[in-house]
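Student: give the three-dimensional model of this entry:
(one chain, ligands or ions: 2)
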Amino acid sequence: MCATTFTPEMPDIIQLLPDSVANQIAAGEVIQRPASAVKELLENSIDAGSTSINVIIKDAGRTLIRITDNGCGMSPTDARMSFERHATSKIRKVNDLFSVRTFGFRGEALASVASIAHVEMKTKRAEDEAGTLLIIEGSEVKSQEASACPNGTTISVKNLFYNVPARRNFLKSNNVEMKHIIEEFQRSALAFPEIAFTLSHNGHELFHLSQSSTRQRIVGIFGHSYNEHLVPVKEDTSIINLGGFAGKPEFAKKTRGEQFFFVNRRFIKDAYLNHAVQSAYEQLLPQGSYPSYFLFIEIDPSKIDVNIHPTKTEIKFEEEKALYAIIRSAVKGALGQYSLGNSLDFDQEASFSIPAQPGQMPVKPSIKFNPEYNPFRPAAASSRPATSTRENWQEFYKGMAEALPGQTETFMDEKDLHAGSQVLQVNNSYIVYTTEKGIAVIDQQSAHEKILYEKFMDTFLKGTPASQQQLFPKALEFSASDSELLKEIEPQLRNLGFDIRAFGKNTFVVHGIPSHAPEGEEKQILESILEKYKENPGDLTGKNHETLAASLAKRLAVKRGTLLREEKMKAIAGGLFSCSNPQTSPSGRPVFVLLPYDELRKKFGN
Ligand code: ADP
Ligand code: MG
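Tutor: Ligands and ions are numbered 1, 2, ... in the order given. Next up is the predicted model:
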């Protein structure tokens with residue numbers, strides 16, 4: 001209710017917003033960044049029944065996004081109408097909403113894009129003699145004319161956000177924006193293997209995918225190593241039909257990268273269903289590893305509500321619990337079949353291979369396997385038996401720590417550690433260290449983490465990273481989006497001692513790794529850094545070197561449960577006490593507890 005009393009002299013103040021303004025407001029919701037425009041245009045091309053879609057991007061979509069399809073095209077009138085808000089050919093009545101199978105239906109995308117960019121559309125239906133060329137700038141039609149063009153539609157979006165400086169300034173670096181575009185592209189390409197797709201950026205072709213099976217499509221996108229990673233999943237039930245592939249547990253990664261759910265071919269994010277898959281891998285994966293999966297759910301559209309999120313990556317299911325159970329048991333069953341060697345996959349092609357990229361360096365593939373690896377053994381870090389014969393050590397020291405609050409300040413300095421010190425490892429996790437003044441119990445993992453952290457911070461600050469150059473530089477392949485990220489954080493990685501150089505599309509050659517980093521684990525180390533970065537993008541690009549140093553230290557530190565040799569124990573204890581603040585680890589845990597002999601004497605009444 002309006003507080004002011006109405007008087008006839010006061011003019012009415014409510015007006016309808018001009019279309020261009022309304023469209024811009026809608027655009028704020030629909031088009032957040034270049035990738036959102038790519039997504040909308042791809043969906044339109046797919047809805048138009050295309051069998052071939054080509055995407056051309058310049059400057060990560062800032063200057064140009066051009067999508068060409070060979071779909072149904074539009075009549076001259078429809079071409080003009082398509083840019084009106086709420087103009088759609090996909091629903092006509094409310095009931096249609098419950099059975100939509102197309103991607104679009106709100107009729108907002110083109111109107112939104114046209115309100116914040118310079119748009120050019122060429123379109124022609126097969127049955128028409130001539131096509132239409134339409135030019136629109138900021139919702140204003142500049143020209144519309146007949147034009148000779150192939151069947152299908154080409155939409156060019158130029159200078160996105162030219163009239164919305166706030167949005168433009170808010171965009172991230174080209175690498176990050178391009179990563180988002182690649183992700184959208186991959187989602188569409190995975191869902192529609194029967195459509196041929198290409199994507200190029202600044203004149204370089206990133207993907208060239210011909211019409212194929214789902215398996216071939218996955219391999220075409222993520223590299224041929226995926227061919228042998230995939231276990232087929234199939235389950236038809238009265239609620240859903242489930243199909244697709246789950247990655248073999250041995251190929252699980254440190255990053256959450258390749259996890260895809262599609263519902264009626266629409267990519268969705270769903271933590272609950274993701275959990276269903278993850279739980280099917282229970283006990284098959286070491287902690288902190290993520291399986292890859294590509295799962296396709298077909299469901300009656302009336303049983304889902306796709307309209308609860310404006311960008312539509314979330315879906316509400318009527319029978320969520322049943323779905324969870326079906327997915328979990330189907331994936332579990334598939335993995336079980338595979339482990340028994342029974343996996344039947346008629347789609348698998350024995351001699352499937354992707355031609356090497358021209359100019360690719362001959363790199364010997366290295367295959368590592370651990371003959372002791374047993375996927376059915378619980379992956380607890382401390383499952384190895386303790387070597388100490390004194391089972392009660394641990395209890396003993398726990399009691400000590402409680403009896404000795406806050407005594408860590410000046411108890412020990414470095415010289416104390418070297419005079420005839422003895423070291424003993426207990427429970428494969430703690431180092432007991434004796435000095436002239438007392439006994440220290442050190443958590444080996446936290447201590448090593450602390451030492452490495454300080455070393456990495458030191459190299460950051462000095463700007464002279466210690467790097468071990470590789471005698472045989474190794475080539476590593478990453479997914480296209482991870483590759484964009486790697487390029488983004490390359491300067492930070494260099495500061496840590498990584499010397500990696502982009503080589504070809506998604507391949508990087510590792511010339512050097514930080515000293516302290518074990519050879520052969522380059523890929524896992526880089527993946528865990530990428531995972532960290534994905535969780536918290538701001539952290540690694542800004543000045544915040546601490547996060548990167550901490551995550552690398554955590555990754556490289558010896559773990560609890562690892563048997564250590566005496567020299568290693570001494571190196572850890574010595575290294576720890578030369579740290580500036582040895583009491584707490586980078587993750588905030590206590591690193592050691594102390595028992596001074598004075599205290600010991602008191603306890604015995606000496
Ligand atoms: P929606 O997809 O929600 O219907 P859009 O604004 O994305 O809304 O598109 C409006 C209409 O323009 C669509 O309903 C469709 O009829 C037409 N259209 C858009 N893109 C294409 C295309 N690539 N080929 C054929 N028709 C298209
Ligand atoms: Mg649309």
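Student: the bottom helix or strand of this protein by mean pLDDT?
Tutor: helix 393-403 (a mean of 32; mean pLDDT, DSSP states H and E).
Student: what sits against the closest residue to ligand 2 within the stretch 151-300 of the chain?
Tutor: Nearest to ligand 2 in the stretch 151-300 of the chain, going by CB to the ion, is I155, at a distance of 11.0 Å. C-beta coordinates here come from the backbone N, C-alpha and C atoms, glycine included. Applying CB atoms under 8 Å, 6 or more residues apart in numbering to I155 gives the contacts L41, N44, R66, I67, L110, V119, E120, M121.
Student: how much space between the nearest residue to D598 once chain neighbours are set aside and A517?
Tutor: Counting by CB to CB, 6 or more residues apart in numbering, the nearest residue to D598 once its immediate chain neighbours are dropped is G438, at 7.7 Å. Separation of G438 from A517 (CB to CB, to the nearest Å) stands at 34 Å.
Student: now swap in P301 and tell me
Tutor: In terms of CB to CB, P301 sits 50 Å off from A517.
Student: out of these two, which sits in the busier spot?
Tutor: More neighbours surround A517 than the other of P301 and A517, with 20 against 15 (other CB atoms under 10 Å).
Student: so the more buried one sits right up against K523, yeah?
Tutor: No - using CB atoms under 8 Å, A517 makes no contact with K523, being 11.7 Å away.
Student: how about the residues of this structure by ligand 1?
Tutor: 40, 44-45, 48, 69, 71-74, 82, 87-90, 104-111, 153 (CB under 6 Å from any ligand atom).
Student: could you count how many residues lie near the residue in the stretch 451-600 of the chain that ligand 1 sits nearest to?
Tutor: For the stretch 451-600 of the chain and ligand 1, the shortest gap (CB to the nearest ligand atom) falls at A480, measuring 24.0 Å. By other CB under 10 Å, 22 other residues sit near A480.
Student: which one is it nearest to, not counting chain neighbours?
Tutor: The shortest distance from A480 to any non-neighbouring residue, by CB to CB, 6+ apart, is to I182 (4.7 Å).
Student: the one you found contacts D482, doesn't it?
Tutor: No - shown here, I182 and D482 do not form a contact pair, counting by CB under 8 Å, at 9.7 Å.
Student: any regions of the stretch 451-600 of the chain where pLDDT drops low?
Tutor: Applying pLDDT under 70 to the stretch 451-600 of the chain flags the ranges 460, 462-466, 471, 536-545.
Student: how about the contacts made by the one residue in it that gets nearest to ligand 2?
Tutor: Nearest residue of the stretch 451-600 of the chain to ligand 2, counting by CB to the ion: S481, 23.5 Å away. Contacts of S481 were listed using CB under 8 Å, 6+ apart, and they are K179, I182, E183, Q186, G257.
Student: give me the buried stretch members for the host helix or strand of it, please.
Tutor: For S481, the host element (DSSP states H and E) is helix 480-496. For helix 480-496, burial by neighbour count (16 or more other CB atoms under 10 Å) applies to 480-490, 492-493, 495-496.
Student: how far away is T88 from S238?
Tutor: 32 Å.
Student: who has more neighbours out of the two?
Tutor: T88 (20 against 6).
Student: does that one sit in a helix, a strand or a coil?
Tutor: Look at T88: counting by DSSP: H, G, I helix; E, B strand; the rest coil, its state is coil.
Student: separation between it and D300?
Tutor: Taking CB to CB, one finds T88 at 22 Å from D300.
Student: likewise for Y430?
Tutor: As judged by CB to CB, Y430 and D300 stand 57 Å apart.
Student: of those two, which one has the most company?
Tutor: Neighbours around Y430 and D300, counted as other CB under 10 Å, are more numerous at Y430. The numbers are 24 against 12.
Student: tell me what the residue nearest to the more buried one when sequence neighbours are not counted is bridged to.
Tutor: Closest residue to Y430 apart from its sequence neighbours, by CB to CB, 6+ apart: V441 at 5.4 Å. Using DSSP bridges, the bridge partners assigned to V441 are V432, V593.
Student: what is the neighbour count of V441?
Tutor: So V441, with other CB under 10 Å, has 21 neighbours.
Student: now swap in R66 and tell me
Tutor: R66 - counted by other CB under 10 Å - has 17 other residues nearby.
Student: may I have the secondary structure class of it?
Tutor: strand.
Student: can you name the residues bridging to it?
Tutor: Legend: beta-bridge partners of R66 under DSSP bridges are I56, S156.
Student: surely it is in contact with V157?
Tutor: Yes - contact criterion CB under 8 Å: R66 and V157 qualify, at 7.5 Å.
Student: how much space between T63 and R266?
Tutor: 29 Å.
Student: okay, these two: which has more neighbours?
Tutor: Higher neighbour count among T63 and R266: R266, with 20 against 15, using other CB under 10 Å.
Student: surely that one touches D47?
Tutor: No - using CB under 8 Å, R266 is not in contact with D47; the gap is 11.4 Å.
Student: for the two, list the residues in contact with both.
Tutor: Going by CB under 8 Å, 6+ apart, residues that sit against R266 and also against D47 are F103.
Student: so is E298 in a helix, a strand, or just coil?
Tutor: Applying three-state DSSP: E298 is strand.
Student: dig out what it forms beta bridges with.
Tutor: N241.
Student: restricted to helices, list the residues of the chain next to ligand 1.
Tutor: E40, N44, S45, A109, L110, A111 (DSSP state H).
Student: residue contacts, I135?
Tutor: H118, V119, E120, V141, K142, S143, Q144.
Student: which residues sit against the strand or helix carrying N54?
Tutor: Assigned by DSSP H and E, N54 belongs to strand 52-58. Contact partners of strand 52-58, identified using CB under 8 Å, 6+ apart, comprise 34, 38, 42, 45-46, 64-70, 178, 181, 185, 188, 195-202.
Student: just the buried residues from those residues, in PyMOL please.
Tutor: A single PyMOL command selects the buried members of those (16+ other CB under 10 Å):
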select buried, resi 34+38+42+45+46+64+65+66+67+68+69+70+178+181+185+188+195+196+197+198+199+200+201
